[in-house]
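[1] Fold the following for me, if possible:
(one chain, ligands or ions: 2)
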Amino acid sequence: MTTRYRVEYALKTHRRDQFIEWVKGLLAVPFVLHSQPTGVFETRSNSVQQMAAEAHRRYKEIMRDVEGMIDDHIEHQKDNTHGQSKLKLLVPTIGTFFTRLPLADAFEYQDKKRFISSRRFVPPSFNDVRLILNTAQLMGLTATGSLDLATFDGDVTLYDDGQSLLPSNPVIQRIIDLMSNDTKIGIVTAAGYTEAEKYHGRLHGLLTAVNTSTVLTEQQKNNLIIMGGESNFLFTFDSSSPYLLSHLPRREWILPTMKTSWLQPTITELLDVAESSLRECVQNLSLAATVLRKERAVGIIPTVPDYKFPRESLEETVLVVQKKLEMSEVGRLLPFCAFNGGNDVFVDIGDKSWGVLVCQNFFGSRGKATGEVDEETEAILGERTLHVGDQFLSAGSNDFKARVVGTTAWIANPTETVELLDELVGLIGMKRKE
Ligand code: IMP
Ligand code: MG
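    Ligands and ions are numbered 1, 2, ... in the order given. This next block holds a predicted model:
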């Protein structure tokens with residue numbers, strides 16, 4: 001690797017979303033041409049409203065063009081030539097689209113909320129584009145049918161990092177609203193515990209609210225599961241259990257590939273490589289860290305409670321461990337996820353693509369058993385699934401992996417999750433009225 005390349009890679013690639021950056025770049029042109037910063041002191045220039053209207057028109061045209069390019073990419077996906085789509089040439093990291101993205105309408109919605117076109121000094125930002133994409137995803141999902149499965153990350157998505165889902169959390173009501181529409185819910189979190197008590201501790205606000213809800217039927221209440229340790233521990237809601245959760249033995253839910261290739265000696269070997277690599281980083285970066293080895297994960301946490309690791313050290317550790325595992329033989333035998341959890345680094349066996357996949361299959365096969373869905377249905381489809389999370393950068397992030405099995409929404413904090421769910425419930429309501 002040349003130094004230049006290394007600097008570019010280390011500083012940029014894993015910390016940028018290429019598609020969002022590309023859209024931002026396209027929107028920067030009309031911003032430069034049409035925004036009128038001199039309007040602040042010049043009376044001759046057009047009124048703010050005129051400028052905003054012109055910028056709005058241009059931004060929306062661009063979003064419509066991108067929307068068309070995504071449609072073209074989806075057409076290519078259908079005959080397996082998506083590697084040749086124009087979008088793929090322009091944004092090589094682009095993945096699979098499970099639904100259309102009505103970007104022009106989504107822009108219209110977010111512009112009313114964020115006044116993007118009225119800004120004269122600040123161009124359309126990363127967050128503007130991220131939120132437009134989220135809205136477009138919700139519109140795309142609800143336009144074509146029901147939302148059968150919503151999965152949520154825990155930390156930062158449902159509650160602040162390291163905290164718990166308390167009864168006062170406004171997200172609870174929104175999740176119950178979704179459940180009352182028969183949407184299945186999976187909490188797909190990296191937090192890996194083997195005891196129901198620990199998950200009850202983290203999620204009791206939601207569990208108690210579901211248990212005491214008078215809106216939900218008994219069947220709907222059972223549509224809540226927790227997938228812990230990315231894809232390692234499955235708990236189902238159970239009103240008869242003291243912690244409102246039942247642990248489901250692995251043999252009852254693991255997928256065929258997991259059964260054949262996630263073998264204990266391979267798991268131990270991968271965790272051994274990860275652990276020695278983490279220990280090396282602790283030493284090289286002089287981190288005040290304790291190494292925590294678990295059944296299906298290994299991580300580093302601060303040795304003293306209030307100690308904050310430097311962000312750079314966390315990122316460095318993730319990238320070193322990830323590279324080490326990618327280069328190892330065992331790293332090719334087993335999926336794993338190395339990520340920066342805010343003030344810790346963990347390597348988990350499996351990842352959230354497997355976690356969401358298990359949820360899709362679990363509800364699919366249970367629906368088949370109860371006659372709730374037709375015989376043909378094996379699993380809930382990606383286009384009927386939404387995963388909401390905060391970690392979508394390509395390296396060191398754990399929600400990113402969920403993108404290969406379903407649609408996703410990228411939020412920045414728990415308040416945004418609440419706003420997103422309000423938007424979603426609104427769209428579902430509008431669809432009902434049609
Ligand atoms: P998430 O945002 O819900 O996926 O949770 C991630 C956080 O869970 C991490 O930052 C860790 O602090 C915590 N955690 C606890 N146990 C584990 C584990 O076994 N693997 C990964 N993260 C864990
Ligand atoms: Mg998170």
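[2] CA atoms for contacts and neighbours, from now on please.
    Fine.
[3] Tell me the residues of the stretch 101-250 of the chain that contact ligand 2?
    Asp155, Val156 (C-alpha under 5 Å from the ion).
[4] tell me the contacts of the closest residue to ligand 2 within the stretch 101-250 of the chain?
    Nearest residue of the stretch 101-250 of the chain to ligand 2: Asp155, at 4.1 Å (C-alpha to the ion). By C-alpha atoms under 8 Å, 6 or more residues apart in numbering, the contact set of Asp155 is Asp161, Gly162, Gln163, Thr189.
[5] Just list whatever residues bridge to it.
    Beta-bridge partners for Asp155, by DSSP bridges, are Tyr159.
[6] quick one: pLDDT of it?
    Asp155 is assigned a predicted lDDT (pLDDT) of 95.
[7] now do Leu393
    pLDDT, Leu393: 87.
[8] likewise Met430?
    On the pLDDT scale, Met430 is placed at 89.
[9] show me the contacts for the residue positioned nearest the centre of the chain.
    When C-alpha atoms, centre = their mean is applied to the chain, the residue found nearest the centroid is Gly389 (3.2 Å). Taking C-alpha under 8 Å, 6+ apart, we find Gly389 in contact with Phe152, Asp153, Gly154, Val156, Thr157, Asp399, Thr408, Ala409, Trp410, Ile411.
[10] Hmm, Gly186 and the third one touching each other?
    No - judged on C-alpha atoms under 8 Å, Gly154 makes no contact with Gly186 at a distance of 10.3 Å.
[11] all helices of the stretch 51-200 of the chain, in order?
    86-90, 103-114, 126-144, 171-180, 196-212 (DSSP state H, counting those that start in this stretch).
[12] would you list those helices in JSON lines and tack on mean neighbour count?
    Shown next, in JSON lines, are the helices of the stretch 51-200 of the chain (neighbours: other C-alpha atoms under 10 Å):
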{"stretch": "helix 86-90", "mean neighbour count": "15"}
{"stretch": "helix 103-114", "mean neighbour count": "18"}
{"stretch": "helix 126-144", "mean neighbour count": "21"}
{"stretch": "helix 171-180", "mean neighbour count": "20"}
{"stretch": "helix 196-212", "mean neighbour count": "18"}
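[13] Of all those helices, which one is nearest Phe363?
    Phe363 sits nearest to helix 171-180 of all the helices of the stretch 51-200 of the chain, at 13.4 Å, using C-alpha to C-alpha.
[14] Pull the distance from that closest one to the chain's centre.
    18 Å (C-alpha atoms, centre = their mean, to the nearest Å).
[15] Next, the angle helix 196-212 makes with it.
    Between the axes of helix 171-180 and helix 196-212, defined by axes from the mean of the first three to the mean of the last three C-alpha atoms, to 10 degrees, the angle is 70 degrees.
[16] who's in contact with helix 171-180?
    158, 185, 205-206, 209-210, 215-217, 220-221, 223, 414, 417-418, 421-422, 425.
[17] Mind doing that once more with 7 Å?
    For helix 171-180, the external contacting residues (C-alpha atoms under 7 Å, 6 or more residues apart in numbering) are Leu158, Leu206, Val215, Leu216, Gln220, Val418, Leu421.
[18] re the thing from before, can you redo the contacts of Gly389 as CSV with neighbour count and distance to ligand 1?
    Shown next, in CSV, are the contacts of Gly389 (neighbours: other C-alpha atoms under 10 Å; distance: C-alpha to the nearest ligand atom, whole Å):
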residue, neighbour count, distance to ligand 1
Phe152, 26, 8
Asp153, 25, 5
Gly154, 26, 3
Val156, 22, 6
Thr157, 24, 7
Asp399, 29, 7
Thr408, 27, 15
Ala409, 23, 14
Trp410, 23, 13
Ile411, 23, 12
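[19] Look up how far Pro170 lies from the residue in the stretch 301-434 of the chain positioned nearest to ligand 2.
    Ligand 2 sits closest to Asp390 of the stretch 301-434 of the chain, with a gap of 5.2 Å, by C-alpha to the ion. To Pro170, Asp390 is 18 Å away according to C-alpha to C-alpha, to the nearest Å.
[20] and what of Asp182?
    From Asp182 to Pro170 the distance is 20 Å (C-alpha to C-alpha).
[21] More neighbours: which of these two?
    Just comparing Asp182 and Pro170: by other C-alpha atoms under 10 Å the higher neighbour count belongs to Asp182, 19 against 15.
[22] Now do the contacts for the more buried one.
    Contact analysis of Asp182 by C-alpha under 7 Å, 6+ apart lists Gln220.
[23] ok, how many other residues are close to Ser118?
    21.
[24] related to what we said a few turns ago, now, which of the contacts of helix 171-180 lie within helices?
    Among those, the members falling in helices (DSSP state H) are Leu206, Gln220, Val418, Leu421.
[25] distance between the ends of stretch 109-119?
    Taking C-alpha to C-alpha, the first and last residues of stretch 109-119 lie 16 Å apart.
[26] Mean confidence (pLDDT) on that stretch, please.
    On average, stretch 109-119 scores 96.
[27] Any idea which helix or strand in this protein has the lowest mean pLDDT?
    helix 3-11 (a mean of 50; mean pLDDT, DSSP states H and E).
[28] Return the residues in contact with Asp399.
    Asp399 touches Lys352, Gly389, Asp390, Gln391, Phe392, counting by C-alpha under 7 Å, 6+ apart.
[29] Mind checking which of the ones in helices among the contacts of helix 171-180 are buried?
    Among the ones in helices among the contacts of helix 171-180, those classed as buried by 16 or more other C-alpha atoms under 10 Å are Leu206, Gln220, Val418, Leu421.
[30] Can I get these in CSV including distance to ligand 1?
    Conversion of these to CSV gives the following (distance: C-alpha to the nearest ligand atom, whole Å):
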residue, distance to ligand 1
Leu206, 15
Gln220, 23
Val418, 16
Leu421, 18
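[31] With pLDDT added, can I get these in a markdown table?
    A markdown table is the format used below for these (pLDDT from 0 to 100):
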| residue | pLDDT |
| --- | --- |
| Leu206 | 98 |
| Gln220 | 98 |
| Val418 | 98 |
| Leu421 | 98 |
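[32] and which of the residues you listed is nearest to Glu197?
    The closest of these, once distances to Glu197 are taken by C-alpha to C-alpha, is Leu206, at 14.1 Å.
[33] Look at the residue in the stretch 301-434 of the chain that ligand 1 sits nearest to and say how many residues are nearby.
    In the stretch 301-434 of the chain, the residue found nearest to ligand 1 is Gly341; the distance is 3.2 Å by C-alpha to the nearest ligand atom. Neighbour count for Gly341, taken as other C-alpha under 10 Å: 23.
[34] likewise Thr81?
    By other C-alpha under 10 Å, the residues close to Thr81 number 12.
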